[in-house]
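Undergrad: Here is the input, now give the coordinates:
(chains A and B)
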Number of protein chains: 2
Amino acid sequence: MEFDLATGIAVLERTPATLRAMLAGLPAAWIDATEGPGTWSPYDNIGHLIHGERTDWIPRARIILAQGAERRFTPYDRFAQFRESEGKTLGTLLDDLASLRAENLATLKSWKLTGVQLALTGEHPAFGTVTLRQLLATWVAHDLGHIAQVARVMAKQYREAVGPWREYLPVLDR
Amino acid sequence: MEFDLATGIAVLERTPATLRAMLAGLPAAWIDATEGPGTWSPYDNIGHLIHGERTDWIPRARIILAQGAERRFTPYDRFAQFRESEGKTLGTLLDDLASLRAENLATLKSWKLTGVQLALTGEHPAFGTVTLRQLLATWVAHDLGHIAQVARVMAKQYREAVGPWREYLPVLDR
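TA: So this is what the prediction gives:
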């Protein structure tokens, strides 16, 4: 599928409500579950998405749109959520994600981006030249990847409990 | 994690709303997307979950609880949704899933299952003896597996659109 603004935004605007429906009010045993040492819980995933709203997608889009001399993005901090979520409840994080996402989508829509603008480029610290269109498609795919990750992390908690059905549930060994 | 009724039900009761938040009102390009020939779209996944509500989880639990002479389950039809969803909108399927799930959870709760009952067994057509506890844990893990699948199928539609970011998004090649 080609990236298209309206189709991409349709996913981006659903992510906070999807994660809220999935996680709000769940027992801590699900919220804090991980896939083992060094892996992320559902709670950690929400913090990571919040950090992206603050520092990644829209800030990088602004760098591309400005077309200034310095078009190199600040590297993404994949561990920021361990610091930034400290002391916050999951409910607070879900609220923060929803309000930051709403603001960022309002900004994105207000730009009324043209095909020419979507083809403008910035400099990714690892891969070099990337287009605004690729950045926005990545925002969408990144959301979906984390929804899949949250579901997978939770499913794995029952890897043993399902007994012989494990063979029919590839998500438990992914 | 050991299977526990209240903790498992907490996930089961959130699945219809999660899928509704994720999918209701999305453009057909997302709803009908697949991972290639013979694989399932988000729409197909919802039909599959509905079929499970009708024929799998609660009917199999009843077979186990009855402890009759015939404790062998009817094999699950993994293709039923292609017939049963025909002509239905996604909105109708999401409504069907929500109402069937609500009924089934009301039934499950009304049983007030004890540890002794959870240890009762039935006969799976492929793996032989399974416990009610394993069946119920599988219901939960199966939901989460399909939520992960829906998110993954959608993410993959942007496999090319993300350009070099593909390397950072393992969900695109899973």
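
Undergrad: Just confirm yes or no for the helix or strand that contains A:Gln81 near chain B.
TA: Secondary structure assigned from DSSP states H and E places A:Gln81 in helix A:80-84. No: taking CB under 8 Å from any CB of the partner chain as the criterion, helix A:80-84 and chain B are apart, separated by no less than 15.9 Å. Where C-beta positions appear, they are placed from N, C-alpha and C, glycine not excepted.

Undergrad: For chain A, which segments count as strands?
TA: For chain A, applying DSSP state E gives strands covering A:121-124, A:128-131.

Undergrad: Just name the most buried of those.
TA: strand A:121-124 (a mean of 19; mean count of other CB atoms under 10 Å in any protein chain shown).

Undergrad: That one near chain B at all?
TA: Yes: using CB under 8 Å from any CB, strand A:121-124 reaches chain B at A:His124.

Undergrad: Pull the residues that contact the helix holding A:Gln81.
TA: A:44, A:46-48, A:50-51, A:55 (CB atoms under 8 Å, 6 or more residues apart in numbering or on different chains).

Undergrad: quick check, distance from the lowest-mean-pLDDT helix or strand in chain A to the centre of its chain.
TA: Ranked by mean pLDDT, DSSP states H and E, the weakest helix or strand in chain A is helix A:80-84, scoring a mean of 89. Counting by CA atoms, centre = their mean, to the nearest Å, helix A:80-84 is centred 14 Å from the centre of its parent chain.

Undergrad: Below-threshold pLDDT in chain A: ranges please.
TA: By pLDDT under 70, chain A contains no weakly predicted segment.

Undergrad: quick one: furthest residue from the center of it?
TA: The outermost residue of chain A relative to its centre, with distances by CA atoms, centre = their mean, is A:Pro164 at 33.4 Å.

Undergrad: Contact partners for the residue nearest to A:Arg60 when sequence neighbours are not counted?
TA: Of all residues not flanking A:Arg60 in the chain, A:Phe73 sits nearest, at 5.0 Å (CB to CB, 6 or more residues apart in numbering or on different chains). Shown in contact with A:Phe73 (CB under 8 Å, 6+ apart): A:60, A:63, A:122-125.

Undergrad: which non-adjacent residue is nearest A:Asp77?
TA: Per CB to CB, 6+ apart, closest to A:Asp77 is A:His51, 6.8 Å.

Undergrad: who touches A:Ile64 in this structure?
TA: Going by CB under 8 Å, 6+ apart, A:Ile64 touches A:71, A:120-122, A:131-132, A:135.

Undergrad: same thing but at 10 Å, please
TA: Shown in contact with A:Ile64 (CB atoms under 10 Å, 6 or more residues apart in numbering or on different chains): A:71, A:73, A:117-123, A:130-133, A:135-136.

Undergrad: Kindly report the same for A:Ala148.
TA: Taking CB under 10 Å, 6+ apart as the criterion, A:Ala148 is in contact with A:171, A:174, B:144, B:147-155, B:170-171, B:174.

Undergrad: how far away is it from B:Pro170?
TA: A:Ala148 sits 10 Å away from B:Pro170, going by CB to CB, to the nearest Å.

Undergrad: what is in contact with these two at once?
TA: Listed as contacting both A:Ala148 and B:Pro170 by CB under 10 Å, 6+ apart are A:Arg174.

Undergrad: Now the residue farthest from the centre of chain A: closest residue in space, sequence neighbours ignored.
TA: In this structure, A:Pro164 finds its nearest non-sequential neighbour in B:Phe127, 3.8 Å apart by CB to CB, 6+ apart.

Undergrad: Which of the contacts of helix A:80-84 fall in helices?
TA: Cross-referencing these against helices under DSSP state H gives A:44, A:46-48, A:50-51, A:55.

Undergrad: nearest to chain B, of the residues you listed?
TA: A:His48 (12.8 Å; CB to the nearest CB).

Undergrad: Tell me, how many residues neighbour the residue nearest to the closest one when sequence neighbours are not counted?
TA: For A:His48, ignoring the flanking residues on the chain, the nearest one in space by CB to CB, 6+ apart is A:Gln81 at 4.8 Å. A:Gln81 has 21 neighbouring residues, counting by other CB atoms under 10 Å in any protein chain shown.

Undergrad: Thanks again, I'm all set now.
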